[in-house]
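Novice: give the three-dimensional model of this entry:
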Amino acid sequence: MISTKGRYALRVMIDLAQHENEGCIPLKSIAERQDISKKYLEIIVKELVKGKMVNGVSGKGGGYSLCRSPEEYSVGEILELMEGSLSPVACLANPEYDCPRADVCLTLPMWKEYDKMTRDFFYGKKLSDLLGEWEPVYFI
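Specialist: A predicted model of the protein is given here:
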């Protein structure tokens with residue numbers, strides 16, 4: 001199951017993509033638009049900055065912006081940064097895990113197939129795909 005942390009991280013990334021032409025976006029603005037606690041978003045953006053997904057600028061005129069264009073982010077990399085491995089079982093989540101039952105495990109092929117479908121889906125979906133037909137609104 002994807003936690004609120006992973007889902008909110010996607011919402012932050014979408015919000016930043018929608019407003020990427022506005023420079024650094026204050027966290028308060030994102031929190032208001034997304035109806036998410038600013039305090040909780042502070043935790044999320046800290047991880048996004050650490051994971052080199054977003055840039056953070058402190059002080060007056062500061063805020064957050066994407067490091068890359070929305071087409072260059074996969075949903076999978078965002079979710080895995082926030083959630084850890086998306087693999088359904090330990091033996092696939094950690095390639096160094098040496099499962100003593102791997103040679104006789106009759107369910108392993110099924111888990112591998114499921115893992116591949118999940119990875120292909122989330123890594124095949126780009127942040128830009130989630131923007132849909134959204135158009136920015138400019139006030140004069």
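Novice: where are the low-confidence patches of the chain?
Specialist: Across the chain, residues meeting the criterion (pLDDT under 70) sit at 133-140.
Novice: give me the residue at the spatial middle of it.
Specialist: Taking Cα atoms, centre = their mean, the centroid of the chain lies closest to residue 78, which sits 2.4 Å from it.
Novice: from residue 68, how far off is that one?
Specialist: Applying Cβ to Cβ, to the nearest Å, the value for residue 78 to residue 68 is 12 Å. For the C-beta atoms, the positions are set from N, CA and C on the backbone; glycine is no exception.
Novice: cool, and residue 20?
Specialist: In terms of Cβ to Cβ, residue 20 sits 10 Å off from residue 68.
Novice: between those two, who's got more neighbours?
Specialist: Neighbour count, other Cβ atoms under 10 Å: between residue 20 and residue 68, residue 20 has more, with 14 against 11.
Novice: which residue packs closest to that one, ignoring adjacent ones?
Specialist: Counting by Cβ to Cβ, 6 or more residues apart in numbering, residue 20 lies nearest to residue 66, which is 5.8 Å off, once chain neighbours are set aside.
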